[in-house]
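Trainee: Just a sequence and a predicted model for now, questions to come.
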Amino acid sequence: EVAGIDRGSEDFHAIKELAKRFALSFGLDALKNRDAVASLHREGILVAVNPLENPEDPAGAPPNLAFLEILTEFTGKLLKQDKKVVLGYLDKRVAGGVPNSRGDDWAPLNMYRNSLVHGEGDEGRSGAGHQAKRQYNRKRRRSGSDEDDDPDDEDFRM
């Protein structure tokens, strides 16, 4: 249990099930939904780590960290190269806040990190998808087109 969030509860499992269904709604075309899925991960990480300090247990995990377990349902929708970017973003946001990732309260972080590092079965991806990935990598964003005011997000470019 993380700060009142019971990961074994019926409600938590219902939310995870909704996340699974929502992830399916992104379909098989990872390129088409690339920005939306990346934004979902970015915002989800921010929800999970804010506040980073647990007011009830200063040495404990952030109170919203269990959200990463729900976010894990969406890692299969990330492109391989985007998983590396998301992992870097996660590590930067949690840096220094993980004392040996001990205990069950840090389990969602370990689960999410593992899903980004090892990935899950990349079902539905064909050779054509890999070719499209290479073409998409050449596309560049126009500088100055980002409306975010958070300078820390510069490392979250896809």
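Mentor: Ah, there it is. Numbering: from 1, shown residues only.
Trainee: ranges for the helices of this structure?
Mentor: Here the chain has its helices, by DSSP state H, at 10-24, 34-49, 67-71, 80-94, 107-117, 127-137.
Trainee: Same list, the ones you listed, but as JSON lines with mean neighbour count please.
Mentor: (C-beta placed from N, C-alpha, C; glycine too.) Formatted as JSON lines, the helices of the chain follow (neighbours: other CB atoms under 10 Å):
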{"stretch": "helix 10-24", "mean neighbour count": "13"}
{"stretch": "helix 34-49", "mean neighbour count": "18"}
{"stretch": "helix 67-71", "mean neighbour count": "24"}
{"stretch": "helix 80-94", "mean neighbour count": "17"}
{"stretch": "helix 107-117", "mean neighbour count": "19"}
{"stretch": "helix 127-137", "mean neighbour count": "11"}
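Trainee: ok, residues contacting stretch 68-76?
Mentor: With contacts defined as CB atoms under 8 Å, 6 or more residues apart in numbering, stretch 68-76 is touched by 7, 15-16, 19-20, 22-23, 26, 37, 40-41, 44-45, 48, 83, 86, 107-109, 111-112, 115-116, 119-123.
Trainee: what's the closest of the helices of the chain to residue 55?
Mentor: Nearest to residue 55, of all the helices of the chain, is helix 34-49, at 14.3 Å by CB to CB.
Trainee: So what touches the closest one?
Mentor: Under the criterion CB under 8 Å, 6+ apart, residues 26, 30, 62, 64-68, 70-71, 74-75, 77-79, 82, 85-86, 89-90, 93-94, 97, 108, 136, 153, 156, 158 lie in contact with helix 34-49.
Trainee: switch the cut-off to 6 Å
Mentor: 62, 64-65, 67-68, 71, 74, 77-78, 82, 86, 90, 93-94, 156, 158 (CB atoms under 6 Å, 6 or more residues apart in numbering).
Trainee: That helix relative to helix 10-24, how many degrees between them?
Mentor: Counting by axes from the mean of the first three to the mean of the last three CA atoms, to 10 degrees, helix 34-49 lies at 160 degrees to helix 10-24.
Trainee: Okay, angle between helix 34-49 and helix 107-117 too, please.
Mentor: In terms of direction (the same axes, to 10 degrees), helix 34-49 departs from helix 107-117 by 160 degrees.
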